[in-house]
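J.: Can you look at this prediction? I've put the sequence above it.
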Amino acid sequence: MITIKSAREIEIMKESCKLAAKTLHYLGKNLKIGMSTEDINKMCHQYTINRNAIPATLGYHGFPASLCTSRNEIICHGIPSAKDFLKDGDIINLDVTSIVKGFHGDCNATFFVGNVKPEIKKLVEVTHECLLAGISVCRAGAHIGDIGAVIEEMAHDNGYSVVHEYCGHGIGRGFHEEPQITHFGKRGTGVEMRPGMTFTIEPMINIGKRHSRVLDDGWTVVTKDKSWSAQFEHTIHITESGAEIMTTFSPEEWTADDDKL
Ligand code: MF3
Ligand code: CO
Ligand code: CO
């Protein structure tokens, strides 16, 4: 079932989405070479609970942490670890999902650690462009397939591949609601977008081949060929005229308190 959110529900989702976006921004600002991914997890957890919110990933189908930390060849669902340290030249995706008043906000971004090779920087930049291209085709009356079509086109034009096994998703009271948003597909196909729909777009783009594999921990998804992978995610809201990015905030909305854990 695809849920259409009421104006009141949208107002609550704006809160959860803004908190997720601010948390992600805070974590990105505070990344340092030599820190462990568990250090990031601790910050994320504290930042979230100190603002009366809940980190949605903690305990979700048994996931053991308050965010996903996915480095280099990890596509998604990386588990923070006290033994996993950030090093110069890495890229790391932080995926933050916050629950406020029963509603979820979900976003992620890939960050540079120190000096990243130009070809990897380009992968990350193009992946961000893929997300924005996907969002740009969203409006009432458009089809879910339109999103995947533009993302796939942009990735392939740059010689990259699109991960097929993991998708964007409807979001609201549920973390993962219908519909599934694939990051590949055909224009004009799939569910028609309607005002009040809220869903994520979160393309995972590989510099090598698209195929993935899950490690023995049951969570960590890596590229089969060990090529590096980037991802960006926003939660969006379909309106009559377009799509509103919910997981964002304007610079004036960042206050001194937001810099505190
Ligand atoms: N936040 C991820 C998403 O974008 C889902 C993580 S689920 C977890 O959908 F269990 F791996 F944390
Ligand atoms: Co998501
Ligand atoms: Co996410």
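T.: Structure's in. What do you need? Ligands and ions are numbered 1, 2, ... in the order given.
J.: Which positions within the helix ranked longest in the chain qualify as buried?
T.: In the chain, assigned by DSSP state H, the helix with the most residues is helix 7-29. Residues of helix 7-29 classed as buried under the neighbour-count rule (16 or more other CB atoms under 10 Å) are 9-10, 12-27. Glycine gets a C-beta too; all of them are placed from N, C-alpha and C.
J.: and it, what other elements does it pack with?
T.: In this structure, helix 7-29 makes packing contacts with helix 37-49, strand 91-100, strand 103-112, strand 234-238, judged by 3 or more CB pairs under 8 Å, 6 or more residues apart in numbering; DSSP states H and E.
J.: packing partners for the first one?
T.: Translated: helix 37-49. Here helix 37-49 is seen to pack against helix 7-29, strand 54-55, strand 68-71, strand 91-100 when contacts are counted using 3+ CB pairs under 8 Å, 6+ apart.
J.: what do you get for the last one?
T.: With contacts defined as 3+ CB pairs under 8 Å, 6+ apart, the packing partners of strand 234-238 are helix 7-29, strand 103-112, helix 118-136, strand 198-201, strand 243-245.
J.: Now do the shortest one: distance to the chain's middle.
T.: Think strand 243-245. On the basis of CA atoms, centre = their mean, to the nearest Å, strand 243-245 sits 15 Å off its chain's mean C-alpha point.
J.: Can you tell me what sits against it?
T.: With contact meaning CB atoms under 8 Å, 6 or more residues apart in numbering, strand 243-245 is reached by Ile135, Cys138, Arg139, His234, Thr235, Ile236, His237.
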